[in-house]
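Asker: Okay, sequence plus prediction incoming.
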Amino acid sequence: MIKSKKSQPILSVLGLLFANTIFAADSTQTRYGAEFVGDTVTPAVVTVNLKNLPAPTQWKPGDPIKEIPLKFNRPKDWVRPQPAGRGFGFDALAQKQVDAASTFGTDPFDNLLYNLDGAGFTGVNPSDTNGDVGINYYVQTINNSSSSIILIIDKSDGSTAAQFVMDTIANGSGTGCGGGRGDPVVLFDQFADNGPGEPKGRWVFTEFTSNSFCMYISKTHDPLGQSSSTWYIYEFTSASGGLPDYPKFGVWGDAYYAGANESNRQYAFDRDNMLLGNPARGYQVFTSPGLPGFGFQHMMPADADGETLPPQGAPGIFMRHRDGEYHGDNPPDDVLELWEFTTDFDTPANSAITGPINIHVSEFDTHLGGSNFGDLSVPQPNGATNLFPLKQPLMWRVQHRTIDDKQYLVGNMVTDVDGNDYHGVRWWQLERPAASTNGNDWVLKDEGTYTLNDGVHRWMASAAMDGDGNIAIGYNTSSSSVFPGMRYAGRLTDDPAGTMPRGENSIIEGSGSNSSGRYGDYSSLNVDPVDECTFWYTAQYNASSNWSTRIGAFKFEQCGCQLSLDTINVTGATVPNDNQIDVSWDDSATPEMIEYRIYRSTTMGTGYVLIDTVADTSPGTGSTGSYTYNDTTVSGGTVYYYIVKASDGGACLTSNSNEVNATATGLCTLAPTFAGITSASNNATQSCSITLNWDTANSQCPNSVGELNYSVYRSTTSGFTPSLANQIATGVNTNTFLDNIGGLTSDVDYFYVVRSYDTDNSVEDSNITENSAFPTGPITPQPFDDNLESYTTIADAEAAGWSHNAATGADDWRIEIGDDHTNGTGAAFVSTDVSSSSDKSIITREFSPSATSVLSFYHKYNFETSYDGGVLEITVDGGANWTDLESNMTTGSYDVTLNGGFGQPLGARRAWNGQQASFTLIEVDLSPYQAQVAQIRWRMGTDSSVSAGDWKIDDVVITNSGSFGTCDVPVDLIFMDGFEGSPPPP
């Protein structure tokens, strides 16, 4: 292969002026002549069995964790902007969405076809999760510690077909692509023609190296082939000769277009020849003027989907958003900027860029977290670091699709809903005639801000439109009480403008806070080219302090329907008997309808659940025919709301009918509402025992006179199914239970589920909330009083049970003699504030705090003011999760909230910072962690520039701590609290 070399730029005088000027935003100009043209690149051609490539090395606790620095392309004359006032209150589009969510009868749109684990944590933040879907496979890709990971999923059953590191495809190819570094994007080019009788489509895998783009083009639609597949590997040296940060690619008719955070460059690559495996003509580059206020400069290319390419001759499209208040009042309104890239690979002087073409939209607010590039503003629970909103670029992707007589562009970005850093998703839809190639023909068709005003932040979204014109968005969620998770919502083409009333639906809820403020960087929503209906969404979420990824697939039931449908008329709901409601409706007038679907809710206007299907035995009769459904699963005293839809058994499903309701009579058959067990704790007594606690359940029966009791289930296996075989108690009528029943063994993990049942009707709830603990004997006092004087090297401390590591950067924890607290000339732990990104810790041995344990130590420090610092954390699960201890400090506290940018691994969190010249006492109450196996770490985080002094730690004491003994197996107790209560439910 001939690697692309840095060519001479082609710049006209006009081009030079354009490249160094920020034009008035309403001034659309055209500039001719590509600024830079790369060399012709001949591909390496490899044939490989992707299934046989080595599986990625799995990250494990103790392995390094690194954070990819934010690349800040700050011009030398850059001045931090002073944004104008917001100028508006609560986002009007957001209010429209909130009103729609509370009043519009929504279709469920919760039919997850797949909900799969994606690739796992790789020790790198952020994950850069994205994917695309082809004929037989879905492909996901994420960041790795070196080259990106590729995960290939078989669409037929959701199984993993292959998983490998991207640059291993290039082994032996003679290219620099064997040194891939991440920021991956995967595309399925569904328009590529593979010849007669062959399905269309090619796979395009991309990532960067330190100075180039690597693009892998499959020879066919099948990434695996029968036993192997052939790939064309192209390596293009970037126009700057440096790392082309945040590259995003799009499929277009005449090129693969790409934008990068590389002084705002836009690229065009020779798609025609790359699909043939021929030498690719030199790529072409234009550089657009930057936006004031953003050091991160990027424009997103449009990526074509559907059955039809953009019209021949249509220039490639790049887009970004301009916030008038943030970027200066020029123009004063908020706009979407559209730029057109016309490419002539044979005569680069004919190539041109035109823009900005401004699409005026409703006011949005990108001033999230402040004016700093790396501001972290999305909250997480338990005081964890805030997360990066990525307010600078439009989010991946800007999707292009042609439907009938119109072309559409769909995209999104994050916005501040209320002016107080409340994150929502601003989505938008543009349209122009199907045959048009003129950028000035684009107009705003629809826009909205997705939020439910429920305190949950929504961001890091991806938007797409299916083949019928229905739109969906997938996004992350988080708040001070909601761990980072993944949800989605959508709208049908005839839903009220500016709203997404279909949803909200969860793919997966989080159960942990991310340890890094860097989050996601992008997610990906793509439409299946086989049916042009199924959305595939992948993103990052958190099950622990380390991220995970998930893949969900879903569709609108109505997608693909070609019939004109009438809404069903429901004529009434009656109560003929106790615990029965009859629902009646008129027949559909559409002959193709074969069944009716009955939906029920206990909330007026929303929350409908499909409860049954009735066959249409008189197709097309209309209002002269009628049907009645007998609902015998209702509970006495409850009001039920019903709607009915007609279906052809395929894609055609009518909209919601009118709603009817009735109040059921008879016995209440509802289970109590109960959140389940809240805690399980070891009692550390000689006889093995564990104490369980839970909050009070509530009866759903309006006239209940009986009490609510509880049953306790126990297993040594997590995720067990509660049954009589593992029930250890029932009839418990308090909110606590002492498990000292025979069978408990010291140091064995036990898992518990608690369920409530109503003694009026003997109906038990079905929660599966689980908590666990392991029993031990009493804590044996084991003094922790370490003045470090017996150590001369860090190896001496390791021998005494201390440990140390660096998740990022070099581990320089050491013992220094001559400046300590004990006597002024003795030993102390020391680590240095360096001028590179690092995350390094010194960690105690395991110990068990008691109800009176207090940690004390002395320290002094010299950290770069505002940027570098130290924190104190505790773990009680072997290091899987760490909790900050500032809230437990009784003497001393942190100094400031750190600046979260420049690769600072601690993010924007509170820490010790600045200069503390003399040793100072810190005391920490450890009683909340009594009777648990704990470790404490002193953790230093430094950013990628400016060094300072050292952090010194000495005289570490933990009072009244110890180690666990072994408990005795208890004998079975014949009588215990609760056993005299009501019998268990049948």
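Answerer: Looks like it arrived, so ask away.
Asker: Residue 898 touches residue 911, doesn't it?
Answerer: Yes: in this structure residue 898 lies within contact range of residue 911 using Cβ atoms under 8 Å: 5.3 Å. Where you see a C-beta, it was placed from the backbone N, CA and C, and this is true even at glycine.
Asker: what about these two, which has more around it?
Answerer: residue 898 (28 against 24; other Cβ atoms under 10 Å).
Asker: Check the spacing between that one and residue 908 real quick.
Answerer: To residue 908, residue 898 is 6 Å away according to Cβ to Cβ, to the nearest Å.
Asker: Quick check: neighbours shared by residue 898 and residue 911?
Answerer: Listed as contacting both residue 898 and residue 911 by Cβ atoms under 8 Å, 6 or more residues apart in numbering are 869, 941.
Asker: Check which element follows the helix or strand hosting residue 584 along the chain.
Answerer: Element membership for residue 584 (DSSP states H and E) is strand 580-586. Toward the C-terminal end, the helix or strand that comes next after strand 580-586 (DSSP H and E) is strand 595-601.
Asker: Partner strands of the helix or strand just after that next one, with direction?
Answerer: Next in sequence after strand 595-601, counting helices and strands by DSSP H and E, comes strand 609-615. Strand 609-615 sits in its sheet next to strand 595-601 (antiparallel), going by DSSP bridges.
Asker: now the partner strand: mean pLDDT?
Answerer: The average of the pLDDT scores along strand 595-601 is 95.
Asker: okay, now residue 498: neighbour count?
Answerer: Residue 498 - counted by other Cβ under 10 Å - has 19 other residues nearby.
Asker: Please tell me how far it sits from residue 606.
Answerer: In terms of Cβ to Cβ, residue 498 sits 19 Å off from residue 606.
Asker: Quick check: which element contains residue 325?
Answerer: Going by DSSP H and E, residue 325 is not part of any helix or strand.
Asker: That one contacts residue 333, correct?
Answerer: No: look at residue 325 against residue 333 with Cβ under 8 Å: they stay out of range, at 10.1 Å.
Asker: of these two, who's got more company?
Answerer: Neighbour count, other Cβ under 10 Å: between residue 325 and residue 333, residue 325 has more, with 21 against 15.
Asker: ranges for the strands of the stretch 451-600 of the chain?
Answerer: Applying DSSP state E, counting those that start in this stretch to the stretch 451-600 of the chain gives strands spanning 457-465, 471-478, 485-491, 502-508, 524-527, 535-542, 547-554, 570-577, 580-586, 595-601.
Asker: how big is the angle separating the fourth one from strand 535-542?
Answerer: An angle of 50 degrees separates the directions of strand 502-508 and strand 535-542 when computed by axes from the mean of the first three to the mean of the last three Cα atoms, to 10 degrees.
Asker: and strand 502-508, average pLDDT?
Answerer: The model assigns strand 502-508 a mean pLDDT of 91.
Asker: what does the second one give?
Answerer: Averaging the model's pLDDT scores along strand 471-478 yields 98.
Asker: Poorly predicted segments of the chain, please.
Answerer: 1-26, 69-88, 102-108, 328-332, 371-374, 623-625, 900-901, 971-986 (pLDDT under 70).
Asker: And it, split by domain according to the record?
Answerer: Listed by automatic domain parsing, the domain ranges of the chain are 92-554, 570-663, 677-778, 780-963.
Asker: tell me the most buried of those?
Answerer: domain 92-554 (a mean of 22; mean count of other Cβ atoms under 10 Å).
Asker: gap between that domain and the chain center?
Answerer: Taking Cα atoms, centre = their mean, to the nearest Å, one finds domain 92-554 lying 13 Å from the centre of the chain it belongs to.
Asker: End to end on that domain, go ahead and measure it.
Answerer: In domain 92-554, first residue to last residue: 29 Å (Cα to Cα, to the nearest Å).
Asker: This structure: helices as residue ranges?
Answerer: Along the chain, the stretches classed as helices by DSSP state H are 13-19, 92-103, 271-276, 794-799.
Asker: Mind putting those into a markdown table with distance to residue 882?
Answerer: Formatted as a markdown table, the helices of the chain follow (distance: least, Cβ to Cβ, whole Å):
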| stretch | distance to residue 882 |
| --- | --- |
| helix 13-19 | 47 |
| helix 92-103 | 36 |
| helix 271-276 | 47 |
| helix 794-799 | 20 |
